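Student: when you get a sec, could you give me coordinates for this:
(chains A and B)
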Amino acid sequence: MSNSPPAPKPRTVLEARLLDEVIIFENQEAKSTGAQSLAPDHVPRQPQSGRPLPKQSILEPGTHSAFLQQRVEQLLFRQSELLDGKHWAAYIDLFEDDGIYWMPVAPEQTEWLDSPSIFAEDKRMMQIRMGRVTHPNAWSQAPNWGTSHVVGNVVIETASESEITVRSRFHMIELRRDNLRHFAGTYRHTLKVHGDAFKIALQRVDLLNAQAPFDYVLQIWV
Amino acid sequence: MQPLERLVESDRVHRTVYTDQAIFDREMENIWEKTWVYCGHETQIKRPGDFYAVQIGRQPMIMVRGTDQKIRVLYNRCPHRGVQLCGSRQGNTGSTFVCSYHAWTFHLDGRVKGIPLPHGYDGTRMNAQNPDCSMKAAARVDSYRGFVFASLCAEGPELIEFLGDAKIAFDDMCDRSPVGEVEIVPICHRVMQHSNWKFFMENQLDALHPSVTHQSTGIAAGRAERAIKAQGETPPLYYHYLSTFASSFDQWDSVQTVNFPRGHGILKGYMGLRPNDPDTQEYVAAMYKAHGEQKAEEYLGRSIHHVLIYPYLSVQSPLQQLRCLRPAAPNKTMSEIWHFRLKGVSDAIYRRALWYFNLVNSPATMINADDLENWTKGQWGLESTGSDWVSFHRNHGGDTVEGDVIYSKNGTSEAVMRSQFKAWVEYMRP
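Tutor: You can find the predicted model right below:
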């Protein structure tokens, strides 16, 4: 307001002090000090490290595409149900004879045999894992234990007559004894097409918290 | 806290050494914050400014490589108001640590570099000449064959004296390379144990537990191994890593332990890690060429499963991996799990060790799943007042003492725990 009344005379020292206001304006001439004076010579932060944009779905609108999408999704849903239902043998049967279940430690890893992994299992090793958890003296299986998976964000990246690659997201809650743990991340399945059926050649699982401390271990495939 | 002689007897210990907060605090003060603590490997921080956060007892520290290439261990704390200078576990800080709160800056050796508006400190005792303005450093830093340790106490034995004969952990690991060196694999698995740190240390040399604790995995792997053999194939060596866990009590009893002063020890080898396949032959030939036949055979012939450096390190030297404990509370212990690669060996030889890392030491381990369950239940059991004592009577009085080393005649002897508690009492004296 232009006609604001004059401020009353300060009655106390405090009131006088409070009238004394400095307003900081941008001043190009001012010498930069403090943090501004520090040239950042350390590494740029994630995600500037050159991680590529995720591939877009190859699917065009149309009946055929929608049908493929649906069939692939049904496989992913089936897989979740088999895991949550502890149908281990049926889960292993989803894989090709030379299929691989791989949970790398870092998303940058591309090679399952020569890099440290959380899981790196062929079908035979999966049989051993199944043998362990089903043995009556698998002591860690004595307490309550179960999981619940949700799979979504299903994107078909490539599809040919013989092979499909599909990316999806999962959330998994695990109950162990009286406690819940939460796991989330990305699946990438390489599926082989056998007529009307798909088999898993590679299931890659990138866990969001792969390098965070584990409060306990993972006993079975996520 | 009760007097030590009421807590530790020659054949049993009082349960509270695993559960009592006052005892844990004394352990932090008398052990972790005095003795040499493992920080990491020098290849973890290759370039100046590379740093890695390390917990020493209750102290958050930073291991950093300086512009002079020297490795230092500094308190992760700005001397101004205490804010941690590194907010991530690892990275490169350039040539300077910068405090995110008020922009105090520090050289990589911890010396203060800049204080904003420094005239604000004119006439005060906080000025750039005052050492209180710089980051505080660990009292001592030393390394052995590339493995870096720090001590927060200026007094005490040198690193080499602290390690004693257990330094063979690092010799055995490095000597298995034709160039005598290892390099870190830059992955650290961390698994929280809901138990006192002593459970892990005792378990490492406890040869009675594997065929009980790990029988489910051992049996499943043995079955798979036999099925492969029945098809006329040779099962991969790594199946054996799992199947040996189901060996008989008698077999385990034949695997000796060696117990050094200061609680260190060795569980001798049992897995037979030297098959006669083309990859191994090529590797042995390279070792002969590098070290001469006699030395190479000495290096390859050492019978070690793992070496314990008390109270926090288990080094599986023949497979180049180690686990380091960072105790957080009487009933909470963080374990850090690392893997190293022998320099100058083929991918096939690396892969052999990697399988063990993936199958036994990863967070999806089929082995430690049952160990962790035991230790959790062990901790809960000792928190109860059902009884006050933990028994270490097995083969008490029956071990061979040579100088200051105790050899257990029986692999399953609880000599291991008795030796560890002997060292513990020494550390815990006021």
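Student: show me the shaky parts of the stretch 1-150 of chain B.
Tutor: Along the stretch 1-150 of chain B, the model assigns pLDDT under 70 to no residue.
Student: same deal with the stretch 151-300 of chain B?
Tutor: Scanning the stretch 151-300 of chain B with the threshold set as pLDDT under 70 gives no residue ranges.
Student: what about the closest residue to chain A within it, is that helix, strand or coil?
Tutor: Using CB to the nearest CB, the single residue of the stretch 151-300 of chain B nearest to chain A is residue B:220, 2.8 Å away. Glycine gets a C-beta too; all of them are placed from N, C-alpha and C. State at residue B:220, reduced to three classes by DSSP: H, G, I helix; E, B strand; the rest coil: helix.
Student: and the nearest residue to it once chain neighbours are set aside, how far is that from residue A:137?
Tutor: Setting aside the residues directly before and after it, residue B:220 is nearest to residue A:131 in space (CB to CB, 6 or more residues apart in numbering or on different chains), at 2.8 Å. From residue A:131 across to residue A:137, the span is 12 Å (CB to CB, to the nearest Å).
Student: now do residue B:317
Tutor: According to CB to CB, residue B:317 and residue A:137 sit 31 Å apart.
Student: those two: who's more crowded?
Tutor: Ranked by neighbour count (other CB atoms under 10 Å in any protein chain shown), residue B:317 and residue A:137 place residue B:317 first, with 25 against 14.
Student: that one reaches residue B:303, doesn't it?
Tutor: No: taking CB atoms under 8 Å as the definition, residue B:317 is not a contact partner of residue B:303, at 11.2 Å.
Student: quick check: the residue of the stretch 151-300 of chain B closest to chain A touching residue A:137?
Tutor: No: under the criterion of CB under 8 Å, residue B:220 is not in contact with residue A:137, lying 11.0 Å apart.
Student: burial count for residue 13?
Tutor: In the absence of a named chain, this looks at chain A. Residues near residue A:13, counting by other CB under 10 Å, number 8.
Student: nope, chain B
Tutor: 23.
Student: quick one: residues contacting it.
Tutor: B:7, B:389-390, B:392, B:421 (CB atoms under 8 Å, 6 or more residues apart in numbering or on different chains).
Student: ok, residue B:115 - contacts?
Tutor: By CB under 8 Å, 6+ apart, the neighbours of residue B:115 are B:80, B:104-105, B:121, B:128, B:133.
Student: pull up the per-residue confidence for the residue positioned nearest the centre of chain B.
Tutor: Closest residue to the average C-alpha location of chain B: residue B:313 at 2.2 Å, with CA atoms, centre = their mean. For residue B:313, the pLDDT comes out at 98.
Student: what about the contacts of residue B:115, which one has the most neighbours?
Tutor: residue B:104 (23 neighbours).
Student: could you find the closest non-adjacent residue to it?
Tutor: Spatial nearest neighbour of residue B:104, excluding adjacent residues (CB to CB, 6+ apart): residue B:80 at 5.1 Å.
Student: and that neighbour, what does it touch?
Tutor: B:99, B:101-102, B:104, B:115.
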